[in-house]
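*Asks:* mind looking at a prediction? Sequence and model below.
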Amino acid sequence: MTDRGSVIEGFLASAGWAGAARAVLAGDASSRRYERLALDGRRAVLMDAPPGRGEDTARFAQVGRWLRAHGYSAPELFAEDHAQGLLLLEDLGDAVVARLVAADPWREAEIYAAATDFLADLHRHPPPGFAPPLGGPALADLTAILLQWYLPGIGAPRTPASEALPARVAALYGSLADGEFVLSLRDFHSENLIWLPERTGHARLGLLDFQDAVAAHPAYDLVSLLQDARRDVPPAVEQAMIARYILSRGLDHDRFAAIYALLGAQRALRIVGVFARLARRDGKPHYLSLLPRVWTALERNLAHPALAGLASAVHEGLPAPTPGRIAQLTERAG
């Protein structure tokens, strides 16, 4: 048994789960590993996030406790050892929203309405003090990843237009945002949501992967939900959910639509860089197949009149991820 294996066995024994049956669960873009445990009719999930790899189990526990204290379905914590990067969590089951709507498209509107209503309710609470702000400068910093990983990956030079993209994002945010900050779970999309029909109200939505939560504009997580990099959300559903959110919170439609488009564009630019990094640095080239969907969302957002300057800079300085360029990135995968 490896040293890490011994540490995990000791953690499980101290938590009362010695001898549990263990099955590996599908991973994600992070360095975390997950296992489903079964023992004497009980089930749990082990999160294994070895120290030194950029993961923060203490932050996951902190955000999860805040969510549960407000009546939302973050996994209950059964045991935790943050020094070793180990958590034992409630098993929320297998009803992942992405799989549910793929198997039964007729349920898409119902489930997306529930997710939109969850966000509207979450955004009525002031964000917790531990959530760092994601304002214009931070959004600009996140956008810069595409200059660091995507452009070199396709062999394209930096240009004045591409170099200006982060600053343009920050400037637009300053002019379009209304100053409201809410708790943003950041990776709020169909593969991180579990449908829990036996629960009531907003607790019907099980929540995963929220350790990177920040205080951000309310549109940020709505964009994450409706412009999913991993599946196509029909435009009619996207527009219906935007209208539902705006009505629920009594917002100005035109003002919200502009900042929604900006955050959608910023998020798409960042994801292009993240997927390039996952391929080149982490040896995970399968995310590159999602780039055309992300680019389509980017172009749709850039069509908003308020983003005309940003659109010009993107079209001048950022080559699109054509099949040939995706092949280049794939060949250079780590």
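*Replies:* Now that the structure is in, tell me what you want to look at.
*Asks:* and Glu108, how many neighbours does it have?
*Replies:* One way to gauge burial is a neighbour count; for Glu108, by other CB atoms under 10 Å, it gives 18. For every residue, glycine as well, the C-beta is placed using N, CA and C.
*Asks:* distance check, it against Leu77.
*Replies:* 32 Å (CB to CB, to the nearest Å).
*Asks:* buried by neighbour count: which residues of stretch 247-257 qualify?
*Replies:* Neighbour-count burial for stretch 247-257 flags 251, 256-257 (criterion: 16 or more other CB atoms under 10 Å).
*Asks:* in TSV, list those residues along with distance to Gln211 and secondary structure.
*Replies:* Below are the buried residues of stretch 247-257 laid out as TSV (distance: CB to CB, whole Å; DSSP: H, G, I helix; E, B strand; the rest coil):
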residue	distance to Gln211	secondary structure
Leu251	28	coil
Phe256	28	helix
Ala257	30	helix
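*Asks:* any chance of these in CSV, plus distance to Arg68 and pLDDT?
*Replies:* What follows is those, written out as CSV (distance: CB to CB, whole Å; pLDDT from 0 to 100):
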residue, distance to Arg68, pLDDT
Leu251, 28, 97
Phe256, 29, 98
Ala257, 33, 98
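*Asks:* reformat those as TSV; add distance to Leu139.
*Replies:* Written out in TSV, the entries for those read as follows (distance: CB to CB, whole Å):
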residue	distance to Leu139
Leu251	20
Phe256	17
Ala257	18
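*Asks:* what's the closest of those residues to Tyr287?
*Replies:* Nearest to Tyr287 among the buried residues of stretch 247-257 is Ala257, at 28.9 Å by CB to CB.
*Asks:* and the closest one, what does it touch?
*Replies:* Shown here is Ala257, whose contacts under the criterion CB atoms under 8 Å, 6 or more residues apart in numbering are 242, 304.
*Asks:* that one and Gln239, how far apart?
*Replies:* Taken as CB to CB, the spacing of Ala257 relative to Gln239 amounts to 10 Å.
*Asks:* how about the strands in the chain?
*Replies:* Using DSSP state E, the strands found in the chain span residues 21-24, 33-39, 42-48, 77-81, 86-90, 182-184, 193-195, 205-207, 214-216.
*Asks:* in CSV, list those along with mean neighbour count.
*Replies:* Supplementary listing: these in CSV, determined by neighbours: other CB atoms under 10 Å:
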stretch, mean neighbour count
strand 21-24, 11
strand 33-39, 17
strand 42-48, 19
strand 77-81, 17
strand 86-90, 22
strand 182-184, 24
strand 193-195, 23
strand 205-207, 22
strand 214-216, 21
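*Asks:* TSV for those strands, including distance to Thr143 and mean pLDDT?
*Replies:* TSV is the format used below for the strands of the chain (distance: least, CB to CB, whole Å; pLDDT from 0 to 100):
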stretch	distance to Thr143	mean pLDDT
strand 21-24	35	94
strand 33-39	30	95
strand 42-48	29	96
strand 77-81	34	97
strand 86-90	31	97
strand 182-184	16	98
strand 193-195	26	97
strand 205-207	26	98
strand 214-216	14	98
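*Asks:* and Leu225, which of those is closest to it?
*Replies:* strand 193-195 (8.4 Å).
*Asks:* gap between Leu298 and Pro105?
*Replies:* Leu298 sits 25 Å away from Pro105 when distances are taken as CB to CB.
*Asks:* I meant to write Ala13 there.
*Replies:* With the distance defined as CB to CB, Ala13 ends up 45 Å from Pro105.
*Asks:* now do the contacts for the residue nearest the centre of the chain.
*Replies:* A centroid search over the chain (CA atoms, centre = their mean) returns Asp187, at 1.5 Å, as the residue closest to the centre. Taking CB under 8 Å, 6+ apart as the criterion, Asp187 is in contact with 209-210, 212, 224.
*Asks:* quick one on the thing from earlier: the more surrounded of Leu298 and Pro105?
*Replies:* Ranked by neighbour count (other CB under 10 Å), Leu298 and Pro105 place Leu298 first, with 25 against 10.
*Asks:* is the more buried one in contact with Arg270, as I believe?
*Replies:* No. Checked against CB atoms under 8 Å, the pair Leu298 and Arg270 is beyond contact range at 10.4 Å.
*Asks:* what about the helices in the stretch 51-200 of the chain?
*Replies:* 57-69, 97-103, 108-122, 136-143, 145, 151-153, 160-163, 165-176 (DSSP state H, counting those that start in this stretch).
*Asks:* can you tell which of those helices is closest to Ala243?
*Replies:* Ala243 sits nearest to helix 108-122 of all the helices of the stretch 51-200 of the chain, at 9.7 Å, using CB to CB.
*Asks:* identify each buried residue in stretch 108-118, please.
*Replies:* When burial is assessed from 16+ other CB under 10 Å, stretch 108-118 yields the following buried residues: 108, 111-112, 114-118.
*Asks:* repeat for stretch 51-63
*Replies:* Of the residues in stretch 51-63, those buried under the neighbour-count criterion (16+ other CB under 10 Å) are 55, 57, 59-63.
*Asks:* check contacts around Arg22.
*Replies:* In this structure, Arg22 makes contact with 35-37, 46, judged by CB under 8 Å, 6+ apart.
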